[in-house]
Every structure is written in structure tokens, then in C-alpha cells.
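Novice: Sequence and predicted model, in that order:
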2 protein chains.
Amino acid sequence: METKIYIAFQGEHGAYSEEAAFSYFGESIITVPCKNMSDAFESLKNDEVNFAVVPVENSIEGTVGVTYNLLLEYNLMACGEVFQRIKHCLISLPKETLKTIKRVYSHPQALGQCREFLEKQRYEAIPVYDTAGSVRLIKAKNLKESAGIASEMAARIYKMNILQSGIETNQNNYTRFLVLSKKDHDSTGNDKTSIIFSTKHAPGALSDALRVFAKRGINLTKLESRPIIGKLWEYNFIMDFEGHRTDKNILSALMDLQKNSEFIKIIGSYPKGSVSN
Amino acid sequence: METKIYIAFQGEHGAYSEEAAFSYFGESIITVPCKNMSDAFESLKNDEVNFAVVPVENSIEGTVGVTYNLLLEYNLMACGEVFQRIKHCLISLPKETLKTIKRVYSHPQALGQCREFLEKQRYEAIPVYDTAGSVRLIKAKNLKESAGIASEMAARIYKMNILQSGIETNQNNYTRFLVLSKKDHDSTGNDKTSIIFSTKHAPGALSDALRVFAKRGINLTKLESRPIIGKLWEYNFIMDFEGHRTDKNILSALMDLQKNSEFIKIIGSYPKGSVSN
């Protein structure tokens, strides 16, 4: 008998995070929707699920601050990454057409990303909590002349009709997700590592920290300063680089970094993700 | 006769961006609400206003990606900065009390930041487009048993009642705004400079770029990698540092940086902002 794998994600069934979970693990998993991002972390901490799939960065909106605050708070590790194309669909009850629609429901961020389309069609935009939830709402309340903006998967789940696909203004819309677990991934030879660290707030401190990686030829793929909550205008740095934390040169870089840092937290090493459409 | 100064901001009257504009310029300005952030940039570009005040970073949510995309797109410059405390208030019609409220309207981000309070009071949270708009809605529709979450200023403007102030879970909630104009600010001796640049995606490229600043003792206050839209997984870097772009050592650092960069855009030099409550 096969053991089922349970995956927590934030949002309702049909959320882009759930799409990312299926892209990464395949179709045989059991996905567990969580109302808030912190609920997804909590259920993994309490072993109610095997993994959580959480967004860390979107190519238009930038870093997801809430996720990094939770990565600092919880002792969970990244064991995988997946890049998911965000392709917004206009979804309605079966009898509607583009011409019968008057009102469009979705999360404010999705409405914003589809603004040109909505204005051209002269639809009224109505904000709701999340993208997939807008489709559920229209189905549950049998809302006529209405559509939601959500993923293709949301249309499949709620058995609703896609009036138009890819209605976002900028089609280069990808979200990067981390797969979280209680431990990270063994070395595969094609890995990335995520860490959070803080340096002393002094000239050159960050540059010295980065030189530790540069002089070993380690390639950085993300670097970001984040205010430390409760310590106004002191900063943590989020850093991703190529390599596994057990590689000899990475290990020596991390030991070197420790000398320059007030604090280092290793989020984990994991195989580099690929892009799903 | 005094000439009036016009300031564009995104949101409705009573938005936190408008509070920041008054903190920076004082009470005698004329504020011009803009539906979208791009409208604020556009109206400054077209000389319909003298300045725009735009959010760039929040201590909880992180960088405001949309603003940086527009800073890249438009040739406008930063001439000032202001840090605004985000203090969420529960606002209602005069006859309500904490006990009579059942439903709370606000932007999803504000609802999220006040989640502990809302759950403790067992209020139903209802998302709307923006914080100040929730107060206008309750007033316009005379909504009973309802409150909005918005700034103190929103309560003043719509002549509504503050039931409780500072209902956010994390009180260290500040937003950093830039004041935009067609040119930046002259040197004052206590300045910051914002730039956006990209390096070749190669080991050490970023570290080399930062060394340019470190070896001159220039203190970095923000550094962030941002995906370049349309060029998946190539990165721009947003950087803030202490000093004015006309200072001798800054000028020489920027000329040095140019050799290592594919592209540099100077957003502007401006006096360091202080924190408003």
C-alpha cells in the first residue's frame, strides 16, 4: 500500500500555490488548504503534513515578505524549489460570454495585473480574498453576469468555464516557491542554498560578507536587505547561491561568513527548480 | 500670493500615502488622489502636479515592487524620503461601539496585519480596494454594525469615529516613501542616494560592484536583487547608500561601478528622512 503525501499550501483549492505543489510532486499528493501562511508553517511543524509549498518571490510584485518572516520564526527547511507561471484566466458559469460579463471578482493583486484587459472590456472590478475563492463564490451563489480571475486549475476544480486565458498585462509573470520540510535535500550536484544573515551596520560589512563568496567563485542568485522587525532600520539579508551547504567550498564560505555576521540562519540546500507553465 | 504645491499620491483621501505627504510638506499642500500608482507617475510626468509621494518599502511586507518597476520606466527623480508609522484604526459611524460591530472592511493587507484583533473580537473581515475607501463606503452607505480599518486621517476627513487605535498585531509597522520630482535635491551634507543597476550574471559580479563602495567607506542602507521583467532570471539591483551623487567619493564610486555594470540608473540624491508617528 502506497503512503500518501500531504502538502500544505496557503489559499483555497485552485490557488496558484496548489498548482505549484502539483507541478513539483505530481498528481498523486493530497493537498491541504490553509487560510493563512502561518497555518501552513504550523501544520508542517506539528507533522500534520509532510511538506508545505510557499511563495517567496514573484517576477512582478517582488519578494513575499510574510514568507521570509515565517522562515525566520520557524525551524523548517527548504528541500526544493519550483517556478510556476502565473496565467490568469477569466472564469464564469457556463452560459456567460465575454459580452454578458459585467463584474469581475478576484484578489486585488490579480485584478491589478489584469487591469488593461478589465478596462478594455469595461468590467467592474470587485476585490475578494483570493483568486480561487472568487470562482467558488460565483459557483456557490450562482452569480450571473460575473466572472472570477484565477488559475486554470480553479476552473477545473469548480467545473466552471474559462472565457479567456492569459488575460494578464505582463505575461512574464512567474512565482518562485520553496518546498519546505523538516530537513533539506541531499546534494545532487546541481543545487542552490538559501540563507538569512545580518551584518554589523557599518561601511563595507556587506561587501566583506559577499567577498567571502566571490573569492570562491560562488554565484549569487538572490540578495536582499530586509528590515528586522522590532529593530527599526537594522537589516537582515536574504541570500541564495549556487551549490550545496555540504560542498567543501560552500562549507568554508559559510564558516568565513560567520566571522563577519551577527547571525546566520541556513534555510536549506535543494536541487535547482525548473519553470512550469 | 502664495503658489500652491500639488502632490500626487496613490489611493483615496485619507490613504497612508497622503499622511506621508502631509508629514513631509506640511498642511498647506493640495493633495491629488490617483487610482493607480502609474497615474501618480503619469501626472507628475505631465506637470499636472509638482511632486508625487510613493511607497517603496514597508517594514513588514517588504519592497513595493510596483513602484520600482515604474521608477525604471519613468524618468522621474527622488528628491526626498519620509518614514511613516502605519497605525491602523478601527473606524465607524458615531453610534457604534466595539460590541456592536460585526463586520470590518479594509484592504486585505491591513486586514491581515490586524488579524489577531479581528479574531479576538470575532469580527467578519471583508476585503475592499483600499483602507481609506472602507471608511468612505461605510459613511456613504450608512452601514450599521460595520467598521473600516484605516488611518487616523481617514477618520478626520470623513468625520467618523475611531473606536480603537493601533489595532495592528506588530506595532513596528513603518512605510518608507520617496518624494518624486523632475529633479533630485541639492547636497545638504546628510544625504542618501538611490540607484538601480544590473551586473553580468557571473560569479563575483555583485561582490565586485559592492567593493567599489566598500573601499571608499560608503555605507549601504538597502540592497535588493529584482528579476528583470521580460528577461527571466536576470536581475536588477536596487541600492541605497549614504552620500550625495555630487560628493567626490560617490562620483568616483559611480564611475567605477559603470565599468562593472550592464546598466545604471540614478533615481536621485535626497536628504535622509526622519520617522513620523
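Specialist: That came in fine, so what should we check first? These numbers come from a predicted model, not from an experiment. Numbers count the residues shown, from 1 in each chain, chains lettered A, B, ... in the order given.
Novice: quick one, helices of chain A?
Specialist: All helices of chain A, identified by DSSP state H, fall at A:16-25, A:37-45, A:65-73, A:108-113, A:115-121, A:131-140, A:152-157, A:205-214, A:248-260.
Novice: Does the last one pack against any helices or strands, and if so which?
Specialist: So the one you mean is helix A:248-260. Helix A:248-260 makes packing contacts with strand A:191-199, helix A:205-214, strand A:261-271 when contacts are defined by 3 or more Cβ pairs under 8 Å, 6 or more residues apart in numbering or on different chains; DSSP states H and E. For glycine as for every other residue, the C-beta is placed from the backbone atoms N, C-alpha and C.
Novice: From what I see, residue A:240 and residue A:191 are in contact.
Specialist: No - under the criterion of Cβ atoms under 8 Å, residue A:240 makes no contact with residue A:191, lying 10.8 Å away.
Novice: Could you list the low-confidence segments of the stretch 1-150 of chain A?
Specialist: A:1-2 (pLDDT under 70).
Novice: Get me the contact residues on it for chain B.
Specialist: Proximity of the stretch 1-150 of chain A to chain B, by Cβ under 8 Å from any Cβ of the partner chain, involves residues A:36, A:57-66, A:68-69, A:107-108, A:112, A:115, A:127-129.
Novice: Quick check: ChimeraX command selecting the buried ones in those.
Specialist: The following ChimeraX line selects those of those that are buried, judged by 16 or more other Cβ atoms under 10 Å in any protein chain shown:
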select /A:57,58,59,60,61,62,63,64,65,66,68,69,107,108,112,127,128,129
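Novice: which stretches of the stretch 151-277 of chain A have low pLDDT?
Specialist: Checking the stretch 151-277 of chain A against pLDDT under 70 turns up A:201-203, A:229-234, A:276-277.
Novice: If we use 50, what do you get?
Specialist: Within the stretch 151-277 of chain A, no stretch falls below the threshold (pLDDT under 50).
Novice: For the residue nearest the centre of chain A, list each beta-bridge partner.
Specialist: The residue lying closest to the centre of chain A (Cα atoms, centre = their mean) is residue A:55, at 1.1 Å. On the basis of DSSP bridges, residue A:55 is bridged to residue A:177.
Novice: quick one: it and residue B:237, what's the gap?
Specialist: Counting by Cβ to Cβ, to the nearest Å, the gap from residue A:55 to residue B:237 is 22 Å.
Novice: Start and end of stretch A:171-184, how far apart?
Specialist: With Cα to Cα, to the nearest Å as the measure, the ends of stretch A:171-184 fall 32 Å from one another.
Novice: Enumerate the positions of that stretch that are buried.
Specialist: Within stretch A:171-184, the residues scored as buried using 16+ other Cβ under 10 Å are A:173-181, A:184.
Novice: I would like the residues contacting stretch A:117-132, please.
Specialist: Residues from elsewhere that reach stretch A:117-132, judged by Cβ atoms under 8 Å, 6 or more residues apart in numbering or on different chains: A:11-16, A:18, A:88, A:90, A:98, A:101-108, A:110-111, A:115, A:134, A:137, A:147-151, A:153-154, A:157, A:164, A:167-169, B:108, B:127-129.
Novice: Sort out which of those are buried, if you could.
Specialist: Buried subset of the contacts of stretch A:117-132 (neighbour count, 16+ other Cβ under 10 Å): A:11-16, A:18, A:88, A:90, A:101, A:104-108, A:110-111, A:134, A:137, A:147-151, A:153-154, A:157, A:167-168, B:108, B:127-129.
Novice: so what's residue A:241 up against?
Specialist: Taking Cβ under 8 Å, 6+ apart, we find residue A:241 in contact with A:192-193, A:213, A:218-221, A:250.
Novice: Equivalent analysis for residue A:89, please.
Specialist: Counted by Cβ under 8 Å, 6+ apart, residue A:89 has contacts A:149-152, A:154-155, A:162-167.
Novice: out of those, who's nearest residue B:262?
Specialist: Nearest to residue B:262, judged by Cβ to Cβ, of the contacts of residue A:89 is residue A:166 at 29.8 Å.
Novice: Would you check how far apart the residue lying closest to the closest one once chain neighbours are set aside and residue A:162 are?
Specialist: Counting by Cβ to Cβ, 6 or more residues apart in numbering or on different chains, residue A:166 lies nearest to residue A:87, which is 5.3 Å off, once chain neighbours are set aside. Residue A:87 is 10 Å from residue A:162, where distance means Cβ to Cβ.
Novice: same check, this time on residue A:204
Specialist: Taken as Cβ to Cβ, the span from residue A:204 to residue A:162 is 54 Å.
Novice: So the two - more neighbours on which side?
Specialist: A direct count of neighbours by other Cβ atoms under 10 Å in any protein chain shown for residue A:204 and residue A:162 places residue A:204 higher, at 21 against 15.
Novice: So that one sits against residue B:216, correct?
Specialist: No - in terms of Cβ under 8 Å, residue A:204 does not count as a neighbour of residue B:216; the distance is 9.1 Å.
Novice: Between those two, which contacts overlap?
Specialist: Taking Cβ under 8 Å, 6+ apart as the contact rule, residue A:204 and residue B:216 have no neighbour in common.
Novice: Residue A:153: what's it in contact with?
Specialist: Applying Cβ under 8 Å, 6+ apart, we find residue A:153 in contact with A:14, A:18-19, A:22, A:132.
Novice: how does it look with 7 Å?
Specialist: Counting by Cβ atoms under 7 Å, 6 or more residues apart in numbering or on different chains, residue A:153 makes contact with A:14, A:18-19.
Novice: for residue A:190, phi and psi?
Specialist: Note on residue A:190: its backbone torsions stand at phi -140, psi 70 [degrees, to the nearest 10].
Novice: nearest residue to it other than its sequence neighbours?
Specialist: Closest residue to residue A:190 apart from its sequence neighbours, by Cβ to Cβ, 6+ apart: residue A:272 at 5.5 Å.
Novice: same question, residue A:252
Specialist: Per Cβ to Cβ, 6+ apart, closest to residue A:252 is residue A:216, 7.1 Å.
Novice: and what of residue A:125?
Specialist: Nearest residue to residue A:125, sequence neighbours excluded (Cβ to Cβ, 6+ apart): residue A:111, at 4.6 Å.
Novice: same thing with residue A:80?
Specialist: Spatial nearest neighbour of residue A:80, excluding adjacent residues (Cβ to Cβ, 6+ apart): residue A:179 at 3.4 Å.
Novice: roughly how far apart are the one you found and residue A:273?
Specialist: Distance of residue A:179 to residue A:273, given as Cβ to Cβ: 9 Å.
Novice: State the number of residues packed around residue A:120.
Specialist: Residue A:120: 9 surrounding residues under other Cβ under 10 Å.
Novice: swap in the one 5 residues further on?
Specialist: Residue A:125 is surrounded by 18 other residues when neighbours are defined as other Cβ under 10 Å.
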